[in-house]
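[1] Fold the stuff below for me.
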Amino acid sequence: MIVYNFSAGPAVLPKEVLQKAQAEFLNYAGSEMSVMELSHRSSLYDQIIKEAEHLLRELMAIPDNYHVLFLQGGASLQFSIIPLNLAQGKKALYINTGAWSKKAISAAEQVPGVEVEVIATSEDQNFTYVPEVTVDQIDQEAAYVHITTNETIGGVTYDKLPQTGEVPLVADMSSNILANDFKVTDFGLIYAGAQKNLGPSGVTLVIIRDDLLNKEPIFAPMLDFALQAKNRSLYNTPPTYAIYIMKLVLEWVKAQGGVQGMIEKDQAKAQLLYQAIDRSKLFSNPVAINNRSITNIPFVTGDEKLDQLFNKEALVAGFQNLKGHRSVGGMRASLYNAFPYEGVEALVDFMQAFEQKYGGEK
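    Coordinates of the predicted model:
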């Protein structure tokens with residue numbers, strides 16, 4: 001039986017990447033050592049982390065006045081580190097589009113010396129759209145405006161970025177990095193947990209503009225962006241193997257046609273599934289069409305028991321991790337860069353067979 005992994009993260013990785021990692025596992029570059037065993041201060045590992053940064057800069061067109069940091073703690077730790085570094089004694093503005101935005105807001109509210117203001121929210125319609133924000137709503141003295149470019153749980157994404165004037169835009173891009181055509185230069189800071197589109201869990205990417213590095217040391221050195229940048233992410237032992245796998249993923253993305261190639265493939269996968277949902281009399285997607293994610297697609301039958309039956313039968317058929325997030329229920333297909341088109345075709349066939357068997361009206 002073929003198994004398709006729809007997990008929202010840790011998520012599917014390219015088979016070619018796993019095969020290369022397997023081939024190099026016991027003997028990396030003739031060293032007779034695994035990458036897991038390499039000192040992070042060694043010349044071999046220095047080459048790995050430098051190449052990972054070089055590839056990322058090439059793929060995302062990251063200018064020289066931005067630092068690339070490979071950190072730990074996931075995006076969730078960044079929820080606190082960012083206001084700690086950027087907004088001491090200042091106001092931090094947030095746009096609330098769902099579960100991960102709410103977590104970022106909650107964490108920032110716990111940071112001493114930071115005033116948090118939510119300037120727009122889509123909670124009035126159960127986070128099924130992205131609220132419009134105009135530059136008039138933004139205090140130009142604020143430290144930053146924070147957005148979540150793609151809500152993994154709700155399947156809501158930005159079709160265009162808010163205009164923030166002179167205030168830096170900060171983005172949690174965990175679930176659609178390397179799968180959107182936003183320009184790095186439109187942001188002051190981008191961060192992303194790797195375990196969706198970049199690699200395995202354990203490493204968190206931060207891309208930060210020079211002028212946003214904190215001028216004063218942070219009480220905890222590991223949380224200090226300026227110190228991490230000065231030490232090229234090597235202040236302490238970084239997640240060495242996760243960074244190595246990220247490097248292999250970035251090589252794979254480049255070979256697939258880069259970010260634009262990924263976007264085209266992701267759009268084709270998403271279009272196939274959305275068409276099946278929209279034509280169905282049983283399944284539906286709640287998100288406003290302009291804000292539908294191409295990487296995380298939730299859908300429901302409208303009947304909780306039927307959703308449960310679908311998830312049960314899908315699991316037996318080899319569709320892993322289709323069950324929706326525990327906070328919203330239903331189903332969710334996460335179609336990250338490495339997820340194959342054939343898997344979406346198989347899911348659509350399964351959905352149509354399920355509908356024929358159990359019927360139903362929207």
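
[2] residues contacting Ile177?
    The neighbours of Ile177, taking C-beta atoms under 8 Å, 6 or more residues apart in numbering as the test, are 190, 192, 196-198, 205. Where C-beta positions appear, they are placed from N, C-alpha and C, glycine not excepted.

[3] Check these and tell me the two furthest apart.
    Of all pairs drawn from these, the greatest distance, 14.0 Å, lies between Ile190 and Lys196 (C-beta to C-beta).

[4] just to revisit the earlier point, please tell me which one of the contacts of Ile177 counts the most neighbours.
    Lys196 (30 neighbours; other C-beta atoms under 10 Å).

[5] tell me which element it falls in.
    Element membership of Lys196 [criterion: DSSP states H and E] is none; it lies in no helix or strand.

[6] gap between it and Asn65?
    Here Lys196 is placed at a distance of 27 Å from Asn65 (C-beta to C-beta, to the nearest Å).

[7] what does Glu313 give?
    As judged by C-beta to C-beta, Glu313 and Asn65 stand 53 Å apart.

[8] So for the two, which sits in the more crowded spot?
    In this comparison of Glu313 against Asn65, neighbours counted by other C-beta under 10 Å, the higher total goes to Glu313 at 15 against 9.

[9] mind listing the helices in the stretch 51-200 of the chain by residue range?
    If DSSP state H, counting those that start in this stretch is used as the criterion, the helices of the stretch 51-200 of the chain fall at 74-86, 99-109.

[10] Of those, which stretch is the most buried?
    Each of those was assessed for mean neighbour count using mean count of other C-beta atoms under 10 Å. The highest is helix 74-86, with a mean of 23.

[11] Can you list the helices and strands that that helix packs against?
    Counting contacts by 3 or more C-beta pairs under 8 Å, 6 or more residues apart in numbering; DSSP states H and E, helix 74-86 is packed against helix 99-109, strand 114-121, strand 144-148, strand 169-172, strand 189-193, strand 204-209, helix 225-230.

[12] which residues are contacting it?
    Identification of contacts with helix 74-86 by C-beta under 8 Å, 6+ apart yields 71, 73, 92, 100, 103-104, 106-108, 110-111, 114, 116, 143-144, 146, 168, 170, 172, 174, 189, 191-193, 201, 204, 206, 212-214, 218, 223-226.

[13] and if you look at stretch 187-194?
    Applying C-beta under 8 Å, 6+ apart, the contact partners of stretch 187-194 are 9, 74-76, 78, 82, 86, 144, 168-174, 177, 184, 198, 200-209, 212, 242, 246.

[14] burial of Ala268, as a residue count?
    By the measure other C-beta under 10 Å, the count of residues near Ala268 is 13.

[15] you'd agree Asp169 is up against Lys183?
    No, residue 169 isn't Asp; it's Leu. No. Look at Leu169 against Lys183 with C-beta atoms under 8 Å: they stay out of range, at 10.8 Å.

[16] who has more neighbours, those two?
    Neighbour totals were compared for Leu169 and Lys183, and Leu169 leads with 22 against 11 (other C-beta under 10 Å).

[17] Share the number of residues neighbouring Pro286, please.
    With neighbours defined by other C-beta under 10 Å, the count for Pro286 comes to 18.

[18] Oh, that last question was meant for Asp46, not what I typed.
    Applying the criterion other C-beta under 10 Å, we find 15 residues in the vicinity of Asp46.

[19] Now name the helix or strand holding it.
    In the assignment (DSSP H and E), Asp46 maps to helix 43-60.

[20] Can you list the buried residues in that helix?
    Judged by neighbour count (16 or more other C-beta atoms under 10 Å), helix 43-60 contains these buried residues: 45, 48-49, 52-53, 55-57, 59-60.

[21] Tell me the one of the residues you listed nearest Thr237?
    Tyr45 (10.2 Å).

[22] all strands for this protein, in order.
    When secondary structure is read from DSSP state E, the chain shows strands at 4-5, 66-71, 90-96, 114-121, 144-148, 150-151, 156-157, 169-172, 189-193, 204-209, 296-299, 319-320, 331-334.
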